[in-house]
Structures are given as structure tokens and as C-alpha cells.
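1. Next come a sequence and a model predicted from it.
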Amino acid sequence: MRRLILASMLLGLATAGAAPAAWADGPVATASAAQASAPQPQAAAPPLPPQKAGAPQPGDLAQGPCGPERVKADGKLERAPHGEVEAGVGTHGYRHLAGEICQPIGQNGAVTVGVSESQIDWRRRR
């Protein structure tokens with residue numbers, strides 16, 4: 001143990017002694033001595049894709065209260081519930097279950113319910 005401490009101290013002293021020599025270097029030239037020229041104009045930027053004019057068409061995606069939703073033929077958003085399910089498994093007692101569902105209400109509202117269960121090491125909790 002003492003040898004390890006002694007070796008780390010010697011290594012620290014050796015690197016500390018080398019650091020001032022690196023800082024003592026003179027200025028370093030990073031550009032050529034030639035005069036810099038003015039910036040040249042570049043090619044025009046590529047055109048943007050055309051935007052759809054008017055109201056969204058059926059089948060398009062629009063941002064709804066529960067995330068992106070399809071637009072129906074009447075111009076309203078779909079009102080189907082969206083959700084996700086998670087599961088986690090592991091060794092020596094790790095478990096994880098979770099679920100979430102979001103139901104749009106009207107055009108601007110939503111109700112969201114989420115449930116989760118976790119258990120890391122059940123043997124230590126006894």
C-alpha cells in the first residue's frame with residue numbers, strides 16, 4: 001500500500017514539474033502571413049418544400065391533445081385513445097410494469113391515466 005502511495009506521489013511531482021515548461025513556450029502562429037481576403041458569396045440556399053395551402057386534407061397528421069393524430073374527412077381529429085405499455089424484467093428480483101393511456105376529449109382537451117409498479121430486490125424488504 002505504501003509503495004502505491006509513494007509511486008503516485010512521485011508521478012504527481014514529475015507531472016507538476018513538467019507543466020510549467022509547457023506553459024513557458026512562446027506564441028504559436030496559427031495563420032499564414034498572407035493578407036486574408038474578403039469572404040466570397042456562396043450559392044443560394046436550396047428552396048424550401050412547398051407548404052400545403054388551406055385546411056389539412058384527410059389522412060394528414062396534425063398535432064392533437066395527445067400527440068400527432070390523423071385528420072378525418074370532416075376536418076376533425078381522430079379521437080381514438082393512445083397509450084403505451086412498459087415491462088421490465090431482471091435477475092435477483094428486479095421487476096417493472098407501467099401503462100399509460102390518453103383519451104382526447106373534444107378538439108382541445110384530453111384525459112390521461114398512468115399506472116406504474118416497481119420492485120427492485122424483494123428479499124431485502126422482508
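-> Received, thanks. Numbers count the residues shown, from 1 in each chain.

2. average pLDDT for stretch 50-59?
-> Regarding stretch 50-59, the rounded mean pLDDT is 66.

3. give me the element residue 9 is part of.
-> Remark: residue 9 resides in helix 2-23, with elements defined by DSSP states H and E.

4. where does the protein have low pLDDT?
-> 1, 13-25, 33, 51-58, 122-126 (pLDDT under 70).

5. For beta bridges, what are the partners of the residue most central in space within it?
-> The structure's the chain has its C-alpha centroid closest to residue 67; by Cα atoms, centre = their mean the separation is 17.8 Å. Counting by DSSP bridges, residue 67 is bridged to residue 64.

6. wait, what's in contact with the spatially closest residue to residue 68 that is not a sequence neighbour?
-> Of all residues not flanking residue 68 in the chain, residue 61 sits nearest, at 4.8 Å (Cβ to Cβ, 6 or more residues apart in numbering). Heads up, the C-betas are built off the backbone N, CA and C, glycines and all. Taking Cβ atoms under 8 Å, 6 or more residues apart in numbering, we find residue 61 in contact with 68, 69, 70, 71.

7. Now render these as JSON lines, adding secondary structure, distance to residue 110 and neighbour count.
-> Converted to JSON lines, the contacts of residue 61 look like this (DSSP: H, G, I helix; E, B strand; the rest coil; distance: Cβ to Cβ, whole Å; neighbours: other Cβ atoms under 10 Å):
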{"residue": "68", "secondary structure": "strand", "distance to residue 110": "13", "neighbour count": "10"}
{"residue": "69", "secondary structure": "strand", "distance to residue 110": "11", "neighbour count": "19"}
{"residue": "70", "secondary structure": "strand", "distance to residue 110": "16", "neighbour count": "14"}
{"residue": "71", "secondary structure": "strand", "distance to residue 110": "17", "neighbour count": "18"}
